[in-house]
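Q: below are the sequence and a predicted model; questions follow.
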Number of protein chains: 2
Amino acid sequence: MKIEIITVGDEVISGHIANTNATFLANTVYSLGAKVTRIVSVGDNAEAITETIQEAIKRVDVILVTGGLGPTPDDLTSQAAAQALRRGLVVHTGYLKNIKEKFQRWNLTFTPSDEKQALLPERAEPLPNPIGVCGFQLEEGGKPLFFFPGVSREVKTIAQGSLIPFIREKMQNEGTIVCSSLFKVFGPTESGVKELLKELEGDFELAYLPSFPEIHLKLTVQGNNPREVEAKHNTYAKELSKTLGIYCFGKDNDSMEGVVGTLLREKGMTISVAESCTGGLIAHRITEIPGSSDYFIQGAVVYSKQAKKDLLEVPSSLLEKRGPVSKETAALLAKSIRKLSKTTLGVATTGIAGPTGDTLEIPVGRVFIALAAPDTLEVKQYDFFGDRSQIKLIASEVSLDRVRRYLLSH
Amino acid sequence: MKIEIITVGDEVISGHIANTNATFLANTVYSLGAKVTRIVSVGDNAEAITETIQEAIKRVDVILVTGGLGPTPDDLTSQAAAQALRRGLVVHTGYLKNIKEKFQRWNLTFTPSDEKQALLPERAEPLPNPIGVCGFQLEEGGKPLFFFPGVSREVKTIAQGSLIPFIREKMQNEGTIVCSSLFKVFGPTESGVKELLKELEGDFELAYLPSFPEIHLKLTVQGNNPREVEAKHNTYAKELSKTLGIYCFGKDNDSMEGVVGTLLREKGMTISVAESCTGGLIAHRITEIPGSSDYFIQGAVVYSKQAKKDLLEVPSSLLEKRGPVSKETAALLAKSIRKLSKTTLGVATTGIAGPTGDTLEIPVGRVFIALAAPDTLEVKQYDFFGDRSQIKLIASEVSLDRVRRYLLSH
């Protein structure tokens, strides 16, 4: 099944925001085995929307359109869709009633301009949208078109309730069974991963999806016998996992911080962090995981020399002799935060994220990362490459990965 | 001048990564007054690339293509471009020599497959790319086509060196003078901003670009007399600034954390933060700014009750009586971190980011934010809406905005 995604809105084609709706929809249908062949973004321009819909109908089986369904004059998608399909634009009374009820329930004032949202192309039917008012679908020459609003939360809700069940059923009726999974890798470069996997062959597709600083691999097996497809997929997945070894930190929706959190919880261990160059990013990532308060006790962002001295008892003599960016300082920070927080593990970073702050001895990108544990105190030196944000990000990733590797071996 | 952007790569149409190259290029040319009318993404598929290039040439004046220039068999852009333009594909000897030299300089092994990167459509010319090997341009029927690699850093470098000067000159030759600026707003909703600005009228375009949790407004004035365009732009910009008032925190490339940093530096003040529900995000944002070590002393991520007690001396009795998520705890955290860090300002957050952790008394989204300063200790209660990440983000934004407002009035 071929799918085309059309996104409408000046904010995307003027480059002001990333096209996250298209990314979400593409990823959603791809995981169900359908193929997105094209993503087209146009502005709030009726002619361009009309043209794009007409072109897409010629090319693909299903069309997903987002944006331009709101009440303001620059919301033109319904009107353009009607024109593209040579249909009238009519008030959908059920839809209008539903909008009015929602406005009442949410204590919003219904104005005449809001009525515009119920103007749909003839023979269109509303898509259930419990958290908003817009969204509809229609069929043209046997091809379904889904129209989503531009608000990401609503796109996700409507996709969950209407699009996913539709695609899943369609794929089953077509007799195409798809089994896919995502492998998340951190450590080697893309060519390093390719080298590792060069012997791996078989009846599968393997897509390389770089996602800095990680590499994600999508394994897909297709066929028409459900049991066979699943069995094949599981065999290849097992082989892939085995070959990737320690570099593969998770699958599908796993994140590095989520995997670390699960391991900490399983082992009944706790963690604290002392961050200099990562500036709070490790703590921020750990606390993105719901329930992280069970194992994350505290973080110290000891940005200044004074903070390193006062809070984590790094002596002035060490800071003067070795400098704040040194193996010794990193080690002491990890040890001190672990002791102060009474946690199983303590992690510390110190380095130069740049672009300023480098010296003759210490270049931008040099970072020391220390891990203090009951049985060890490991410090390593890294030289990362990139801008300030990238250096912070990769240093936080290495820190979390070091914790993951420690937990796996204990 | 109308521009179309074509991005090539399975990673985008499978929804695995956001199309950041398109966003960057669109934003770049838009700021120079050129108009991106369409962004099209296709996969690593020669036929689709060929078709897309042929369609674009019919529609627009300049075409920007990214991705698919590398050495692997799924890099098909050069070949597809040659076919789209009915040209041969030939080894560009200067380009090849240049690639070989770079490989030598960077200690990389040049393999036969790397030679493929010098196979360009006839009459194509390399684009200077000091940090990579790929990129070329050609002309078809007087219309320039730029071909960029898929690596974001290289896209930015080539845009800076070749694309921006080209577009700028072309716009000047066409006699179109554009003056635009971006206004960044935090506080009111989009309809609130519209209400504020409803009296503002004139010979300008104003685009609303939501960028959660902020709203960005792009003011654009066009004309053919440079002095007139600039004068008009400045008048409208002044009026806009005045009307937006305190809600407008910055312009163009300003960020909330950057503006706060600049104000702190100007006033010679310092800051420290004690974060519970924001989990390090405020510190992370402050330290995204180069040179932030001048005013940011330290952050404490006091995630557990124990950390609140030990590090910031919140007494057990208060935690039991009022709870860790309370006005009193927020106030004490701000006061303590300020005292401990000897900073001018101390900021603290405590709340429920969800999705778990709510109680009958305290719903998900309830956050207390405190600001301790030499002359005041202000605590406010907020009820935010969204998922865990959004609640953390908006709480960090409000915290920074509170600091900004304090600094502006002192």
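A: Perfect, thanks for sending it. Quick caveat, the model's predicted, so the values are computed rather than measured.

Q: please report how far A:Thr235 lies from chain B.
A: 23 Å (CB to the nearest CB, to the nearest Å). Just so you know, the C-beta spots here come from the backbone N, C-alpha and C atoms, and that holds for glycine as well.

Q: which SSE is that residue in?
A: In this assignment (DSSP states H and E), A:Thr235 forms part of helix A:226-244.

Q: so what does that helix touch, helix or strand wise?
A: In terms of contact count using 3 or more CB pairs under 8 Å, 6 or more residues apart in numbering or on different chains; DSSP states H and E, helix A:226-244 is assigned the packing partners strand A:177-185, helix A:190-196, strand A:214-223.

Q: surely A:Arg366 meets A:Gln381?
A: Yes - counting by CB atoms under 8 Å, A:Arg366 touches A:Gln381, with 7.0 Å between them.

Q: neighbour count: those two, which is higher?
A: A side-by-side neighbour count of A:Arg366 and A:Gln381, using other CB atoms under 10 Å in any protein chain shown, places A:Arg366 first with 22 against 13.

Q: pLDDT on the helix holding A:Thr235, on average?
A: Average pLDDT, helix A:226-244: 95.

Q: cool, stretch A:175-189 as well?
A: For stretch A:175-189, mean pLDDT rounds to 89.

Q: circling back to that earlier point, in a markdown table: the helices and strands packed on helix A:226-244, plus mean neighbour count and distance to chain B.
A: As requested, those are exported to a markdown table (neighbours: other CB atoms under 10 Å in any protein chain shown; distance: least, CB to the nearest CB, whole Å):
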| stretch | mean neighbour count | distance to chain B |
| --- | --- | --- |
| strand A:177-185 | 20 | 8 |
| helix A:190-196 | 14 | 9 |
| strand A:214-223 | 20 | 7 |
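
Q: pipe the ones you listed into TSV and attach distance to B:Val314 per row.
A: Listed next are these as TSV, based on distance: least, CB to CB, whole Å:
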stretch	distance to B:Val314
strand A:177-185	38
helix A:190-196	47
strand A:214-223	38
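
Q: go through these and name the closest to A:Gln117.
A: strand A:177-185 (35.7 Å; CB to CB).

Q: nearest residue to A:Thr28 other than its sequence neighbours?
A: The spatial neighbour of A:Thr28 that comes closest, neighbours along the chain excluded (CB to CB, 6 or more residues apart in numbering or on different chains), is A:Ala159 at 5.6 Å.

Q: how far does the helix holding A:Thr235 sit from its chain's centre?
A: Remark: helix A:226-244 is offset 24 Å from the chain centroid, using CA atoms, centre = their mean, to the nearest Å.

Q: what sits up against the following helix or strand past that helix?
A: Reading on from helix A:226-244 to the C-terminus, the next helix or strand found by DSSP H and E is strand A:248-251. Residues outside strand A:248-251 that contact it (CB atoms under 8 Å, 6 or more residues apart in numbering or on different chains) are A:181-186, A:240-241, A:256, A:258-259, A:401, A:404.

Q: which helices and strands does the helix or strand following strand A:248-251 pack with?
A: Using DSSP H and E, the helix or strand that follows strand A:248-251 towards the C-terminus is helix A:256-267. The contact analysis (3+ CB pairs under 8 Å, 6+ apart) places helix A:256-267 against strand A:248-251, helix A:281-286, helix A:388-408.

Q: pull out the buried residues from the helix or strand encompassing A:Ala56.
A: Element membership for A:Ala56, per DSSP H and E: helix A:46-59. Residues A:Ala46, A:Ala48, A:Ile49, A:Thr50, A:Glu51, A:Thr52, A:Ile53, A:Glu55, A:Ala56, A:Ile57 are the ones in helix A:46-59 that count as buried (16 or more other CB atoms under 10 Å in any protein chain shown).

Q: would you point out the most distant pair within these?
A: Spatially, the most separated pair among the buried residues of helix A:46-59 is A:Ala46 and A:Ile57, at 16.9 Å (CB to CB).

Q: just give me the neighbour total for A:Tyr30.
A: For A:Tyr30, the neighbour count with other CB under 10 Å is 22.

Q: likewise for A:Glu239?
A: 17.

Q: likewise A:Gly357?
A: 16.

Q: make sure it is indeed in a helix.
A: No - applying DSSP: H, G, I helix; E, B strand; the rest coil, one finds A:Gly357 to be coil, outside a helix.

Q: phi first, then psi, for it.
A: As for A:Gly357, its main-chain torsions (degrees, to the nearest 10) stand at phi 100, psi 0.

Q: now the buried residues of helix A:46-59 in TSV, with pLDDT?
A: As requested, the buried residues of helix A:46-59 are arranged in TSV below (pLDDT from 0 to 100):
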residue	pLDDT
A:Ala46	96
A:Ala48	97
A:Ile49	97
A:Thr50	97
A:Glu51	96
A:Thr52	97
A:Ile53	97
A:Glu55	96
A:Ala56	97
A:Ile57	96
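
Q: about what we covered before: highest mean neighbour count out of the helices and strands packed on helix A:256-267?
A: Comparing the helices and strands packed on helix A:256-267 by mean neighbour count (mean count of other CB atoms under 10 Å in any protein chain shown), helix A:281-286 ranks first with a mean of 30.
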